[in-house]
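J.: Provided below for reference: sequence and predicted model.
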Amino acid sequence: MSAAGGRKAIFITGAASGIGAETARHFARKGWFCGLYDVNETGLAAIAAELGEGGSHSARLDVRSREDWARAVAGFSAATGGKMHVLFNNAGVGRHGWFEDIPPEDNDWVVDVNIKGVINGVHAALPLLRETPGARIVNTASTAGIVGAPRLAVYSATKWAVRGLTEALDAEFRDLGIRVTSLMPWFVETPILDMGAKEGANEKMSDQLRAGGAKIYPVSLAAEKAWDAAHGNDIHYMVGGEAERARFMTRWAPEVFRKGVRKQVPPRE
C-alpha cells in the first residue's frame, strides 16, 4: 500500500510557510495526505513534523526548475499510488516599491516564480491529474489580479496572468474532467508581506500597510478558502471582505474604483 493509504492527496508548493503551510494543516485535519514542496527545506521539515509520521511526503522544489518538478511529482506519485486529487500552485514571491527602484533581475525572479512556476506545475502534474477522478488545480492569484496594484506593478501583472491562465485552463480541461480554480487573497498575514523593493531593503510593505491601517486577514481564512476552491463550483475564491469588495467594485463601478486607487498612491519623496 502507498504511504497515502488510500487517502485523498494534495500537492502543495510554497508549503514551508504562510498560506501553503496553513493549507497543509487544514487539509491534514480533514484526513488528507499532503505533499509539501518548497525551496525552504528547514520550513518543510517543521511542517512535516507537525503533520506527523505518515502524514506527508516532502521534497525541495524550485518551481522554476522543470527537473525539480519531475522529481517531486515522481516522489508524490510513489507515495500516493499514482493519484493527485489537488495540485495547489501556491508558491509566489514579490517586490514592493516604485517600479524604477526594483532591479530588473528581481522582476525576472517574480515572473519566473509566479507565472512560469505555475505553468511548469500544470505540465508536470497533468498526467497524474488525468488519472485521478475529480481532480482539481488551485492556483494562488491575488486581489492584485483584478486591479492593478501601485508599487506592486510586476507582482500584480503576474497575478493577472495567473487569473487568465486559470480561466483558460478551466475551459480547456473540461473534457479531461479537471477543474481549475484560483485563490484570490487580500492582504494576509504571511511572510510575503515583508517584501521590499530589493533583497535586504529596510522599508517593507508590511510597515506601510500597518502604518496606513490596512486590513490584514489571518492566514487561517486563506486555508479555509483554499479548501473551498478545491471543492466548490465557482472559479475564483476571494479571501477577505476587502477582496470581495474589490471584485464587486471592479465589476460594477470600475472607474470609480480606479480613481480611488490612484488617490491612495503616496507621493514620491
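T.: That came through fine.
J.: What segments of the stretch 1-150 of the chain are strands?
T.: 9-13, 33-38, 56-60, 86-89, 136-140 (DSSP state E, counting those that start in this stretch).
J.: For the first one, output the C-alpha coordinates as PDB.
T.: Okay, so that is strand 9-13. Output of strand 9-13 as PDB, limited to C-alpha atoms (Å, rounded to 0.1, in the frame of the first residue of the first chain):
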ATOM      1  CA  ALA A   9      -3.800  13.700  -1.700                       C
ATOM      2  CA  ILE A  10      -2.900  17.400  -2.300                       C
ATOM      3  CA  PHE A  11       0.400  18.600  -3.800                       C
ATOM      4  CA  ILE A  12       1.300  22.000  -2.300                       C
ATOM      5  CA  THR A  13       4.000  24.400  -3.500                       C
END
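J.: picking that back up, can you check which of the strands of the stretch 1-150 of the chain gets nearest to Phe257?
T.: strand 136-140 (22.6 Å; Cβ to Cβ). Using the backbone N, CA and C atoms, a C-beta is placed for each residue, glycine as well.
J.: in the following helix or strand past that closest one, what's buried?
T.: On the C-terminal side of strand 136-140, the closest following helix or strand by DSSP states H and E is helix 153-172. Along helix 153-172, these residues count as buried under the neighbour rule (16 or more other Cβ atoms under 10 Å): 153-163, 165-166, 169-170.
J.: can you tell me the distance between the two ends of stretch 208-218?
T.: The straight-line separation of the ends of stretch 208-218 (Cα to Cα, to the nearest Å) is 18 Å.
J.: what's in contact with it?
T.: Residues from elsewhere that reach stretch 208-218 (Cβ atoms under 8 Å, 6 or more residues apart in numbering): His96, Pro185, Trp186, Phe187, Val188, Glu189, Leu193, Val239, Gly240, Gly241, Glu242.
J.: now swap in stretch 103-117 and tell me
T.: 13, 63-64, 89, 91-95, 154-155, 158-159, 161-162, 165, 198-199.
J.: if we go to 6 Å?
T.: Val63, Arg64, Ala91, Gly92, Val93, Gly94, Arg95, Val154, Tyr155, Thr158, Ala161, Lys198 (Cβ atoms under 6 Å, 6 or more residues apart in numbering).
J.: rewinding a little: and the strands of the stretch 1-150 of the chain as CSV, adding mean neighbour count, distance to Pro267 and mean pLDDT?
T.: Converted to CSV, those look like this (neighbours: other Cβ atoms under 10 Å; distance: least, Cβ to Cβ, whole Å; pLDDT from 0 to 100):
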stretch, mean neighbour count, distance to Pro267, mean pLDDT
strand 9-13, 28, 38, 98
strand 33-38, 28, 38, 98
strand 56-60, 21, 43, 98
strand 86-89, 29, 37, 98
strand 136-140, 27, 32, 98
